[in-house]
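[1] Structural data only, the sequence is not supplied:
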């Protein structure tokens, strides 16, 4: 079955953003600069330290990102959000708190009519996050 992965584009701060996400979400982070790629000799010197490609993987979660902005430049909008489906109430609260630092909380965490804990925010890099924890899937202890 095909999968959809999130691909983020930054304008020179991809490394900072991906290290930030890694510090919160954990997993394995891979970064490749332009200077580490076969295209290095074809690129201007001032671009050598930019991130050509990065991947953050934890279990089934995968976030891909780059500093490679197209000819039109970086255009941010509300068409793409990262949906973070959390495993516990502790996780969702921690992730929400850390991702919202120096960002903007748009919808605080609250219990929804469908039985989930849900909230959204825009992080300090301008990326929109939807955080979700399905309380109905928690088994009673």
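    That came through, no problem. These numbers were taken from a predicted model, which means no experiment stands behind them. Numbers count the residues shown, from 1 in each chain.
[2] where does this structure have low pLDDT?
    Scanning the chain for pLDDT under 70 picks out the ranges 1-2, 138-141.
[3] got the domain boundaries for it?
    Annotated domains of the chain cover 6-66, 81-137 [automatic domain parsing].
[4] How far does the first one sit from its chain's centre?
    Between the mean C-alpha location of domain 6-66 and the chain-wide mean there is a distance of 11 Å, by Cα atoms, centre = their mean, to the nearest Å.
[5] Would you enumerate the residues in contact with residue 110?
    Contact analysis of residue 110 by Cβ atoms under 8 Å, 6 or more residues apart in numbering lists 117-119. Bear in mind the C-beta positions are built from the backbone N, C-alpha and C, glycine included.
[6] closest to residue 78 among those residues?
    residue 119 (16.0 Å; Cβ to Cβ).
[7] Kindly list the main-chain dihedrals of the closest residue to residue 83 other than its chain neighbours?
    Leaving out its chain neighbours, the residue that sits closest to residue 83 by Cβ to Cβ, 6 or more residues apart in numbering is residue 130, at 4.7 Å. Main-chain dihedrals, residue 130, degrees, to the nearest 10: phi -110, psi 120.
[8] I'd like to know how many residues surround residue 130.
    Residues within reach of residue 130, counting by other Cβ atoms under 10 Å, total 15.
[9] what's the spacing between it and residue 19?
    As for residue 130, its distance to residue 19 is 22 Å (criterion: Cβ to Cβ, to the nearest Å).
[10] what about the helices in the chain?
    14-25, 89-100 (DSSP state H).
[11] For this protein, just list every one of the strands.
    Counting by DSSP state E, the chain has strands at residues 6-9, 28-33, 51-58, 61-66, 81-85, 104-111, 116-122, 128-134.
[12] can you tell which of those is closest to residue 42?
    Here strand 51-58 is closest among the strands of the chain (Cβ to Cβ), at 11.8 Å.
[13] All set, thanks.
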